[in-house]
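Undergrad: could you work out the structure for the sequence below:
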Amino acid sequence: MESAHAREPASRRRTAFAVLIVFALLCIRPIGTPGQAAAPAAKTPRAFGEAVEAARGSGGTEVFRQAIADLPEGKCLPPISFRLGDQTQAGMLERAQRTQATRPGPAGDVRDITYLDPATGLSCRIELTEYRDYPAVEWVAHFTNTGTKALPVLTDVAALDFTWRCEGDAFLFRAPGAAETPYDFQFQREPLQTIRARRANLTMRAGNEGRPSVDWLPFFNLQSSSGEGLIVAIGWTGQWYAEIHRDGPTAHLRAGMEGLRLALRPGESIRSPRILLLSWRGQPIDGQNQLRRLLLRHHTPQIAGRPVEVPSCYGAWGGSPTPVHLRQIELIREKKLPYDCYWIDAGWYGTSEKPCPNVFEGEWGKTGNWCVNRNYHPGGLKPVSDKAHAAGMQFLLWGEPERARHGAPVTVEHPEWFLQGRPGQPRQTGEDLVLNLGDPGARAWAVETISKLVIENGLDWYRQDFNTWPLAFWGPADAPDRQGLTEIRYVEGLYAFWDELLRRHPGLRIDNCSSGGRRLDIEMLRRSVPLWRDDYNCFPHIDPETVQVHGFGLTYWLPLHAASPFNNAPGDTYRFRSVIGPGVVFGMDEGGNVKYDERTYPWDWHRKMLAEVRRAKPFWYGDMVPLTTCSAAPDAWLALQLHRPDQNAGVILAFRRAASPITAAEFRLGGMLPTVDYVFEDADSGATWTVAGKTLADKGLPFTMPERRSSRLVFYAATTKPGQKIGGER
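TA: Numbering: from 1, shown residues only. Got it, this is the predicted structure:
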């Protein structure tokens, strides 16, 4: 029997079959995870900051995790911006071909996310680290021309372009750099609103020298009224900028290298400044202490798996003849002075026959010839190094290879290695030149020269100074469409120079000076420690209260640093303690600037001061608790606590300034546990007393200083045994 279906016309059967196929296709879901909805149509990628916002409510270390995971999938754009000719980064990165490679790193996984624009040949690679132990992310952007012709000019490059929600009243915390003023490093709080509106525009810059920490330190902390905040750190040992623009509930943050205007040639690559973002919750000091811990663990040189120990140094002058050094080391042994390191500063090199007794006299500024001056040191410096080591001290030597006076042998033999402030003009004898570390030959010479000094003189510490303004040499070397290239190559070369020194000489430590504290950025901190934080301390008439501000303010950002009290008033404990740091540069003759009598010098006081530094040093590797503001006022108190949560112990350092009428205060200490007692010990009197943790939490610690221009150093530690006296102060 013929079915009804068979009797239908063929055309009708084909139409019905087609409808059935379309219906089936509409009902089928794409293959994927069971229960997962079909992938939506492609959307415009969201900004990195928008992706971060989704995770902020949860807190913890995952605040940046989803945004990072979204990058290689194209769901969000990287937190950078730039222009290539008349194109912005947004369109280029959206259409780019994306690839990702992941490798393990010491702080966390390192992702290389590459965006290749097929239309222009520009490759942008984001080298990004997601910290495993902190709510932090860090990256460097690399730009490469993969094409066969020069690219349009690359401009408006921001290594950070990021929006952060800041509800209610918001504040920016920051600090000036090292400019030899009373306010260097002072911790400052800036409102990001007025009485009329929640709007603000703030700009920060490195300065006008080409050194990164002159006008401002390359760090800032953004606080929201919601109890959250964001710290930004910039790693670039050159010219950088940061812009903070608040409009209503959001703050737009931009930062990068200043003055970049560059047409990349085929095969050419450049890098951006390093950017670190650290999210925090609580109070601003909680964020500062998270930063200190992160820097200690991941941006501080490690010796045998531990952060480098900041030494107590005897600061000697290199122009002093060898017998002077040998006698000073002998005195250190005789008087049992607990030094960690013998430091030889400038003046030990060259061929000058003129006396060079201190930093204010002689020809120490004639740099470029890094051979030991046999007029001052007939047998070289090895006898001094050997005697220092025999006395149980490390040995430090100063150098300044980046600056040379024209006429030094290397400037004549290789003039092409040096940058000139007046390009094309005849060089004058004695003219300052800058060694171009972006030149491979020049950099190789620097590595070999300093390596030779390390080996021949048994250096434990290499101290690198830099007493010039490199920006004046970088800019004139660039063509109009190549602006910024000399600086980039120089900065890259500086990092490569130090990395090679550290590779060749395991255990070598580097002291980063640069006219005292003018190169303090996270790229330098991961390779060095600043043992001379400010050149303000070079002068005998320094104000101890200014030095207090410097040390107190810098400690908010950097856990490790040191300075000198300029010991021209032996016995002045207030002046010595004003240095405020985990190490000190401290001598009897202050680098040849002070005459002293061995018979009458207060040796017991000198020994006691060094012992205080040594005892307090471990606590600088813990948390900072400001007990007062970072005030420069002559009638104020200044006090801070350093606390080790792992030891439940710490130290309190307090100053009553000369004009202060206040004789007593009450300090709310940080980190105190209410369930234990704490034993306190006064470093001056030796008196001890015990206070219950609950009393400290409820009432604070009474603190008295009856004398003007006085200081107190008080150590404490937890005890499970009740003391003879509970509560109050002796």
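Undergrad: who touches residue 381 in this structure?
TA: By CB atoms under 8 Å, 6 or more residues apart in numbering, the contact list for residue 381 reads 322, 344, 348, 372, 397, 457. Using the backbone N, CA and C atoms, a C-beta is placed for each residue, glycine as well.
Undergrad: swap in residue 355?
TA: 319, 361-362.
Undergrad: that older thread, what's the most distant pair in the contacts of residue 381?
TA: Spanning the widest gap among these are 322 and 397, at 13.8 Å by CB to CB.
Undergrad: these two: who's more crowded?
TA: Neighbour count, other CB atoms under 10 Å: between residue 322 and residue 397, residue 397 has more, with 27 against 18.
Undergrad: so how far is residue 384 from that one?
TA: Going from residue 397 to residue 384 by CB to CB, to the nearest Å gives 9 Å.
Undergrad: give the other helices and strands that the top helix by length along the chain contacts.
TA: Ordering each helix of the chain by length in residues (DSSP state H) puts helix 485-504 first. Applying 3 or more CB pairs under 8 Å, 6 or more residues apart in numbering; DSSP states H and E, one finds that helix 485-504 contacts strand 269-271, helix 440-457, helix 471-474, strand 509-512.
Undergrad: buried stuff in that helix?
TA: 485-498, 500-502 (16 or more other CB atoms under 10 Å).
Undergrad: can you list the domain ranges for the chain.
TA: Domain assignment for the chain by automatic domain parsing gives 49-280, 302-621, 625-719.
Undergrad: out of the ones you listed, flag the one nearest residue 294.
TA: With CB to CB as the yardstick, what comes closest out of the domains of the chain is domain 49-280 (5.1 Å).
Undergrad: off-centre distance for that closest one?
TA: Chain-centre distance of domain 49-280: 16 Å, with CA atoms, centre = their mean, to the nearest Å.
Undergrad: that domain: end-to-end distance?
TA: Domain 49-280 has its terminal residues 16 Å apart, counting by CA to CA, to the nearest Å.
Undergrad: same question, stretch 83-93
TA: 11 Å.
Undergrad: tell me which residues in that stretch are buried?
TA: So stretch 83-93, judged by 16+ other CB under 10 Å, has buried residues 84, 89, 92-93.
Undergrad: so which of the helices and strands packed on helix 485-504 is the most packed in?
TA: Neighbour counts (mean count of other CB atoms under 10 Å) averaged over each of the helices and strands packed on helix 485-504 peak at strand 509-512, with a mean of 24.
Undergrad: how about low-confidence regions in this protein?
TA: 1-42, 57-61, 720-730 (pLDDT under 70).
Undergrad: buried set for stretch 274-283?
TA: Buried residues in stretch 274-283, counted by 16+ other CB under 10 Å: 274-281.
Undergrad: including distance to residue 622, could these go into JSON lines?
TA: Output for the buried residues of stretch 274-283, formatted as JSON lines (distance: CB to CB, whole Å):
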{"residue": "274", "distance to residue 622": "26"}
{"residue": "275", "distance to residue 622": "27"}
{"residue": "276", "distance to residue 622": "21"}
{"residue": "277", "distance to residue 622": "24"}
{"residue": "278", "distance to residue 622": "18"}
{"residue": "279", "distance to residue 622": "22"}
{"residue": "280", "distance to residue 622": "17"}
{"residue": "281", "distance to residue 622": "20"}
